[in-house]
Every structure is written in structure tokens, then in C-alpha cells.
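*Asks:* A structural model of the following input is requested.
(one chain, ligands or ions: 1)
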Amino acid sequence: MSVLVIADHDLGTLSPATARVVHAASQLGPIDLLVLGQDAANVATEAAKLAGVAKVLVAQGPGTSDADSQVIEKLAAGYLYVIQSAGSAGRDRMPGVAAKLDLMPVTDVVEILGPNRFVRPIYAGNALQTVTDNQPRHVLTLRASAFRAAPAGPAAPIEVLDSALDSVVKLLRSDRTQSDTADLATAQIVIGGGVALGSAENYQLLESLAKKLGAAVGATRAAVDAGYAPNDWQIGQTGKIIAPDLYIAIGISGALQHLAGIQGAKKIVAINTDAEAPLVKLADLALIGDLFEIIPQLTAELDRL
Ligand code: FAD
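*Replies:* Residues are numbered from 1 along each chain as shown. Coordinates of the predicted model:
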């Protein structure tokens with residue numbers, strides 16, 4: 001046994017991030033994919049179809065962080081690598097898992113150079129560090145957006161673990177963002193809006209454009225702080241890290257903390273009234289003008305296609 005990957009899932013659906021982590025981790029060895037929490041059975045069937053997965057392990061439970069960590073810590077002894085995406089669950093639990101195993105985690109890995117050499121961003125993404133991890137075993141979080149997704153493979157066997165789990169944490173309520181646009185962390189096209197949108201209602205302009213392009217919608221922290229966009233749309237140093245093929249930044253100045261989240265974007269288009277804005281200077285293509293004129297025109301043009 002060499003690699004244990006922890007699956008990310010929500011509402012009975014496997015997160016696209018897991019396919020990317022599986023693809024990246026498959027270069028380290030055959031993968032056992034662990035599905036934890038509630039609705040695990042459906043997710044396991046999806047997970048078993050990913051190329052590189054040798055076996056899917058299912059541990060049904062309350063889905064709380066402490067219960068999940070108990071399972072991971074118990075299983076981890078049998079693996080050289082314990083890996084999860086650097087999403088909210090991975091960031092929450094993997095440092096604790098590493099501490100229990102007396103290991104130092106290597107977080108936010110964006111490239112795997114070898115069995116113990118990993119590349120990760122430092123200084124808010126302004127530099128890349130190559131880490132040689134000489135510990136006997138490795139606990140990693142991977143930035144899913146930096147890797148391609150694993151293709152479909154032959155269905156792997158599914159093993160249900162006998163897991164009687166205690167949890168001191170009780171989930172009382174969860175408030176969910178309603179959105180029918182793509183997942184921000186893994187979308188190929190992302191439309192980001194800044195505080196210049198001026199209201200939550202005006203973000204519907206971006207949402208209708210996003211639907212036409214199959215894009216996800218994100219926002220700056222200034223827009224989130226102003227209450228125009230939900231917290232989980234925030235892109236940047238203290239938000240989500242994205243690496244789409246195309247990032248369309250609308251009414252965004254390009255503060256360093258925002259740029260830290262978009263460095264993996266392959267092409268950037270900026271729409272801004274200010275030709276001197278840092279994001280305009282960084283962009284591959286810039287449209288200088290008022291977003292309230294440009295966006296409706298762009299959406300209408302797409303309607304005509
Ligand atoms: P502004 O900087 O105010 O820019 C608005 C832009 O809109 C301007 O360029 C303006 O020319 C343009 N504009 C105005 N009207 C129009 C119009 N009608 N049409 C077109 N363009 C128009 N920020 C993040 O985004 N993510 C983070 O994770 C993050 N983390 C942070 C962490 C820390 C510790 C700190 C201190 C700050 C952080 N910030 C973060 C905040 C960051 O510093 C900026 O304040 C923020 O990114 C600015 O957001 P903005 O571009 O929407 O607003």
C-alpha cells in the first residue's frame with residue numbers, strides 16, 4: 001500500500017477536485033481512495049471509476065472533522081502518502097492528521113517532482129519553493145487546480161470499513177450558496193467581479209454571462225466584504241486559488257492579494273475603466289470602458305452565436 005487519497009464530496013457528489021488529486025497522486029503509486037462521512041456510498045461508486053484508483057474504502061460517519069480524522073489516522077499507518085486536495089476540508093484536517101502522525105505536512109503542492117520532492121507557492125504565491133521531504137512518510141495537500149483530472153478507468157473494488165465513530169462535534173445547520181454555475185476551484189473559465197459592480201443584484205450580470213460561457217463566478221474580497229458576493233466566491237490570498245484556462249476580471253483593480261489567487265490562469269482578460277490598473281497591465285487582453293456598457297453588449301453578442 002502506498003497512497004491514501006481522501007475524497008472531497010458534497011451532497012452525494014464527488015468533487016471534481018478529487019479526480020485531479022488522483023491524477024497527480026497516481027505518479028506516486030497505486031491509490032486507495034477513502035470516502036468519509038454521509039452519502040458515502042453513492043460517492044464511492046463515482047470514485048471507483050477514476051483511473052489510478054486501486055481500491056475505494058468507504059467509512060460512513062457523521063462527516064465531522066474529528067470523526068473523519070480518527071479514520072484517517074487509523075488507516076494512515078499503512079501508507080507512505082496521505083493526500084487530500086487543499087480545499088476547505090483538506091486545509092482543516094490534514095495539519096492535525098500530520099501532527100498526530102508526528103510528521104510535518106507539505107501543503108498546497110502545485111507540482112510533484114519525485115517521490116519526496118514537491119513544489120509549493122510561498123510569499124502569497126510570489127515565489128515557488130521546492131521542498132525535499134525526507135520524512136519516512138508524507139502528508140500532503142494538493143492544489144487541485146494545478147493538475148489535470150484523471151480519466152475514467154476500469155471500476156475499482158469498493159470496501160466498506162467497519163467504522164464506529166465518535167464525534168464531539170455536532171453539525172447544527174449548514175447554509176448553502178445557491179448557484180447553478182460551475183465550481184470555482186476547478187472551472188476552465190472564471191469570471192471575477194470587483195467592488196465596482198456596486199450591488200449584489202448587479203452580480204446577476206456576471207452570472208448570466210457565466211451561464212453562456214459555462215463559467216464559474218468569483219469575486220474580490222472588497223466585493224465580498226461589501227456584501228455583494230458570497231464568501232465562498234472570494235478569489236485570492238485569503239480566498240480560493242484558481243487556475244482556469246481563461247479568467248475574465250471585471251471591475252477589479254488587481255491588488256497583490258487578489259493576484260495571489262489567479263497566478264495559474266492561462267489567459268487573462270480585464271474589463272476596467274482605468275487603463276493603469278495593475279490587472280489591466282497584467283492582462284493578455286484589456287477592454288477599457290464601463291462594465292455596465294460592455295457586459296450587456298458581450299452577453300447580447302453571445303446570444304447571437
Ligand atoms: P478596488 O481596488 O476598489 O478596484 C475597483 C476597480 O474597478 C478599479 O480598478 C476601478 O478602475 C474599476 N472600476 C470602477 N468602476 C468601474 C466600471 N464602471 N467599469 C469597469 N471598471 C470599473 N482581495 C482579494 O480579492 N482576495 C483576497 O484573498 C484578499 N485577501 C486580502 C488579505 C489581506 C490580509 C488584505 C489586507 C487584503 C486582502 N484583499 C484581498 C483585499 C485587496 O487588498 C483589495 O482591497 C481588493 O482585492 C480590491 O478589490 P477590488 O478590485 O474589487 O476593488
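
*Asks:* what's the closest non-adjacent residue to Ala76?
*Replies:* Val82 (4.9 Å; Cβ to Cβ, 6 or more residues apart in numbering). Where you see a C-beta, it was placed from the backbone N, CA and C, and this is true even at glycine.

*Asks:* For that neighbour, which residues count as its bridge partners?
*Replies:* Leu4, Val139 (DSSP bridges).

*Asks:* Tally up the residues packed near the closest residue to Ala226 other than its chain neighbours, please.
*Replies:* Nearest non-adjacent residue to Ala226, counting by Cβ to Cβ, 6+ apart: Val195, 5.6 Å away. Look at Val195: counted by other Cβ atoms under 10 Å, it has 18 neighbours.

*Asks:* Over to Gly78?
*Replies:* 10.

*Asks:* From the ligand, how far off is Gly78?
*Replies:* 38 Å (Cβ to the nearest ligand atom, to the nearest Å).

*Asks:* Also Arg304?
*Replies:* 23 Å.

*Asks:* Most proximal residue of the protein with respect to the ligand?
*Replies:* Using Cβ to the nearest ligand atom, Gly236 is the residue of the chain that sits closest to the ligand, at 2.3 Å.

*Asks:* mind listing what that residue touches?
*Replies:* Contacts for Gly236 (Cβ atoms under 8 Å, 6 or more residues apart in numbering) come out as 220-221, 255, 257-262.

*Asks:* neighbour-wise, which of those residues leads?
*Replies:* Neighbour-wise, those (other Cβ under 10 Å) top out at Thr220, 31 neighbours.

*Asks:* average pLDDT for stretch 157-168?
*Replies:* Taken as a whole, stretch 157-168 has a mean pLDDT of 84.

*Asks:* how far does it sit from the chain's center?
*Replies:* On the basis of Cα atoms, centre = their mean, to the nearest Å, stretch 157-168 sits 25 Å off its chain's mean C-alpha point.

*Asks:* one step back: if we check the ligand, which of the contacts of Gly236 are in contact?
*Replies:* 220-221, 255, 257-258, 261 (Cβ under 6 Å from any ligand atom).

*Asks:* Between all of the residues you listed, which two are separated the most?
*Replies:* The span of the ones next to the ligand among the contacts of Gly236, defined through Cβ to Cβ, is set by Ala255 and Gly261 at 10.6 Å.

*Asks:* Do you know the pLDDT at Thr177?
*Replies:* The model reports Thr177 with a pLDDT of 69.

*Asks:* Likewise for the one 5 residues further on?
*Replies:* We have a pLDDT of 79 for Ala182.

*Asks:* Any figure for the gap between the residue nearest the centre of the chain and Asp10?
*Replies:* The centre of the chain sits closest to Ala185, judged by Cα atoms, centre = their mean, with a distance of 3.9 Å. Per Cβ to Cβ, to the nearest Å, Ala185 is found 12 Å from Asp10.

*Asks:* Pipe the contacts of Gly236 into JSON lines and attach pLDDT, secondary structure and distance to Gly61 per row.
*Replies:* Output for those, formatted as JSON lines (pLDDT from 0 to 100; DSSP: H, G, I helix; E, B strand; the rest coil; distance: Cβ to Cβ, whole Å):
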{"residue": "Thr220", "pLDDT": "98", "secondary structure": "coil", "distance to Gly61": "37"}
{"residue": "Arg221", "pLDDT": "97", "secondary structure": "helix", "distance to Gly61": "34"}
{"residue": "Ala255", "pLDDT": "96", "secondary structure": "coil", "distance to Gly61": "41"}
{"residue": "Gln257", "pLDDT": "93", "secondary structure": "helix", "distance to Gly61": "36"}
{"residue": "His258", "pLDDT": "96", "secondary structure": "helix", "distance to Gly61": "37"}
{"residue": "Leu259", "pLDDT": "94", "secondary structure": "helix", "distance to Gly61": "39"}
{"residue": "Ala260", "pLDDT": "90", "secondary structure": "coil", "distance to Gly61": "35"}
{"residue": "Gly261", "pLDDT": "91", "secondary structure": "coil", "distance to Gly61": "32"}
{"residue": "Ile262", "pLDDT": "93", "secondary structure": "coil", "distance to Gly61": "36"}
